[in-house]
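Participant: Dropping a prediction and its sequence here:
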Amino acid sequence: MSARKLVFTSPLEPELVRLVADVDASIDVVYPGELLAPIRYPSDHPLPVLVDESARVRWDALLDEAEILFDFGPLELAPTLAHRPKLRWIQGTSAGIGRLVERVGLLDSDVVVTTSSGVHARALAEFALLAMLMHGKQTLRLLREQQAHHWERHAAEEIRGKVVCVVGLGKIGLEVARLAQAFDARVVGVVRELRGRNAAELGVDELRSTGELDELLPVADVVVLSTPHTALTDKLLDARRLALLKRTALIVNIARGDVVDEDALIDVLRENRIGGAALDVFAHEPLPESSPLWDLPNVYVSPHSASTVWNENERITDLFCDNLERYLHGRSMLNVLDKELLY
C-alpha cells in the first residue's frame, strides 16, 4: 500500500517542513523545491508557475498523488483540484481564501479546505492602530512638510474617546477591537447577524448588525473593514454609504478591495468629503500606476503586506501541524472553510 502523500506547493523553511514531517511517520512529505516559486521576502507564499511543459507534467503527477496539499498549487491547475482522485484536504496560507475556492470550483467538492484564520490577526490589528495614530497625528502631512523643510505647528488628536466601528468580528476584528480599547476608544462591533451574541462576550462596547450600518456610519470616527469578501459584502461601502460618513472620518481596509466601491472612495477622498483612508487591499492588485490613490494626500497605501510578519511561517506551521494531527486521528479540524458563507 502506497504512503499517504502530503505535498507542499508554496515555500516553507526546511526546519518547518521537518516539523510537519515529524507529526507522523506514516505521511510521505514531498517538498518539490525546484518546482516552487522563489520567495521575495520573509513569509512569502507565491504559488508556483508552470514555466514549461515539463513542470506541468510533474505538477499533474504530484497533484494526482496528493492526499493533502499545503496551499493550492499552480493557479493554472487549481480548477482541476476538485477532480484529483486522492485529494482530501487543502491547508491555505491565508485567512481570506473563500473567493479563490469558489473560483476554482471547490465549493461542491468533498475536498476539505482549512484557512490560516487567526495567524495574521495581530499584524493586521497593529496596522489598523498605526492608521488611527497616523491619522490623528497628521503623519502624512508632517512627512510632506519635513521633505519641504517647512515648520508649522499644529494641534493633533488622540484615539481616546473616538468611535471605532469594526465591521467584521472574526479573529482579526476582535484583535482590532481589543487594541483600540486599550487606547480608550469606544468600539462598536458590526456582525452579519447578532444571533443572540452580546457585546460583553465579544469584548466590544456595543454590538450591531450589518443592517444597522447606515445609522452607525454618521457617528463613526474610524471604520475598520475586517470582513470576508462575499456576495453580501461586495461593495459594502458604496457611494451612498460613503456619503454618510463624517468629513473627518478615517476608513481602514484590511479586508479585501472589493468590500469598498473604489471609484466612489476615490471621489470622496479627492473632494475631502472624508478625512482619509489607510488601504492594504485594492480592487486590482498590484495597484495600477495610474490609480489616483497613489497621490492623494489623505491616503496611506500599503501593498497588501499588513498581514505579513517575519515569523508568520512559524504560526502557520503550528496551525498546520495541529490540524494534521487532528486529520490523521479523525478529530474536528480548525478553521474549516464554510463553503456557503465563504469563510
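Facilitator: That came through fine.
Participant: For the helix or strand where residue 113 lies, buried residues please.
Facilitator: Per DSSP states H and E, residue 113 falls inside strand 112-114. For strand 112-114, burial by neighbour count (16 or more other C-beta atoms under 10 Å) applies to 112-114. No exception for glycine: its C-beta is placed from N, CA and C like everyone else's.
Participant: Then stretch 304-321?
Facilitator: Quick answer for stretch 304-321 (16+ other C-beta under 10 Å): 304, 306-309, 312-317, 319-321.
Participant: which stretches of the stretch 1-150 of the chain have low pLDDT?
Facilitator: For the stretch 1-150 of the chain, applying pLDDT under 70 flags the ranges 1.
Participant: hey, where'd the strands end up in it?
Facilitator: Along the stretch 1-150 of the chain, the segments classed as strands by DSSP state E, counting those that start in this stretch run 4-8, 27-30, 66-70, 89-91, 112-114.
Participant: and among those strands, the most buried is which?
Facilitator: Neighbour counts (mean count of other C-beta atoms under 10 Å) averaged over each of the strands of the stretch 1-150 of the chain peak at strand 66-70, with a mean of 24.
Participant: So in that sheet, which strands flank it, and in what orientation?
Facilitator: strand 4-8 (parallel), strand 89-91 (parallel) (DSSP bridges).
Participant: How far away from the center of its chain is that strand?
Facilitator: 23 Å (C-alpha atoms, centre = their mean, to the nearest Å).
Participant: Begin at 352, not 1, for the rest of this chat.
Facilitator: All right, first residue 352 from here; so that's strand 417-421.
Participant: Now do it: everything it contacts.
Facilitator: Here strand 417-421 makes contact (C-beta atoms under 8 Å, 6 or more residues apart in numbering) with 355-361, 363, 371, 378, 381, 414, 432, 435, 437-442, 444, 671, 675, 678.
Participant: same check, this time on stretch 378-390
Facilitator: Outside stretch 378-390, the residues that touch it by C-beta under 8 Å, 6+ apart are 354-363, 368, 371-372, 397-400, 406, 409-410, 413, 417, 419, 675, 679.
Participant: Of those residues, just the buried ones, ChimeraX syntax please.
Facilitator: Selection of buried members from the contacts of stretch 378-390 for ChimeraX, criterion 16+ other C-beta under 10 Å:
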select :355,356,357,358,359,360,361,362,363,368,371,372,398,399,406,410,413,417,419,675
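Participant: So which of the contacts of stretch 378-390 belong to helices?
Facilitator: 368, 371-372, 406, 409-410, 413, 675, 679 (DSSP state H).
Participant: how's this protein carved up into domains?
Facilitator: Per automatic domain parsing, the structural domains of the chain span 355-469+660-679, 472-652.
Participant: Nearest to residue 689, out of these?
Facilitator: Comparing those against residue 689 with C-beta to C-beta, the closest turns out to be domain 355-469+660-679 (8.3 Å).
Participant: How many residues are close by residue 503?
Facilitator: When neighbours are counted by other C-beta atoms under 10 Å, residue 503 registers 7.
Participant: Quickly note the distance from the closest residue to it other than its chain neighbours to residue 481.
Facilitator: Among residues not flanking residue 503 along the chain, residue 496 sits closest, at 6.5 Å (C-beta to C-beta, 6 or more residues apart in numbering). Look at residue 496 and residue 481: by C-beta to C-beta, to the nearest Å, they are 20 Å apart.
Participant: now residue 467
Facilitator: Using C-beta to C-beta, we find residue 467 at a distance of 22 Å from residue 481.
Participant: Counting neighbours around each, name which of the two comes out higher.
Facilitator: residue 467 (22 against 16).
Participant: ok, that one touching residue 447?
Facilitator: No - look at residue 467 against residue 447 with C-beta atoms under 8 Å: they stay out of range, at 9.5 Å.
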